[in-house]
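Q: Provided below are the primary sequence and the corresponding predicted coordinates.
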Amino acid sequence: MTKRDLIDAVVQEYPRFSRREAEIMVNVVFDSMTEALAKGERIEIRGFGCFSVKQRRARDGRNPRTGAIVAVAAKRVPLFKVGKALRSRVDGQPLPEGEGEEEETEAVDE
């Protein structure tokens, strides 16, 4: 699925919005998520999963083509942890009765 497919799905589900309005809505969601991750914030979407940022330390890596050792700088990378409900649906399994979402230790402000 592409961003264009998401926009088309919004237009199909909510025909009162024009394609341009749906595109703006989808872009706002992605821009908001990008900004939150850039600030180091965690994004939790119940029933779907959590996005977070992990700090990776500097290290020595290898160029796979030549085998030469290359310095890899420290960086921050986005991570996604799938939620139980999404994992079950993708696997074709119903969510067991009485089993809710994963317990989260941090609350999301917004």
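A: Nice, I can see it.

Q: Identify the residues contacting stretch 76-89?
A: Residues from elsewhere that reach stretch 76-89, judged by C-beta atoms under 8 Å, 6 or more residues apart in numbering: 37, 40, 45-56, 94-95, 99, 101-102. All C-beta atoms are positioned from the backbone trio N, CA, C, and that covers glycine.

Q: quick one: average pLDDT of it?
A: The average pLDDT within stretch 76-89 is 94.

Q: Identify each buried residue in that stretch, please.
A: Gly83, Ala85 (16 or more other C-beta atoms under 10 Å).

Q: What's the end-to-end length of that stretch?
A: 30 Å (C-alpha to C-alpha, to the nearest Å).

Q: Mind giving me the PyMOL command for buried ones among the contacts of stretch 76-89?
A: In PyMOL syntax, the buried subset of the contacts of stretch 76-89 is picked out as below (16+ other C-beta under 10 Å):
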select buried, resi 37+49+50+51+52+53
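
Q: need the helices for the chain, in chain order.
A: Using DSSP state H, the helices of the chain run over 3-13, 19-38, 84-90.

Q: Show me what the longest one is in contact with.
A: Residues from elsewhere that reach helix 19-38 (C-beta under 8 Å, 6+ apart): 3, 6-8, 10-11, 14, 17, 43, 51-53, 78.
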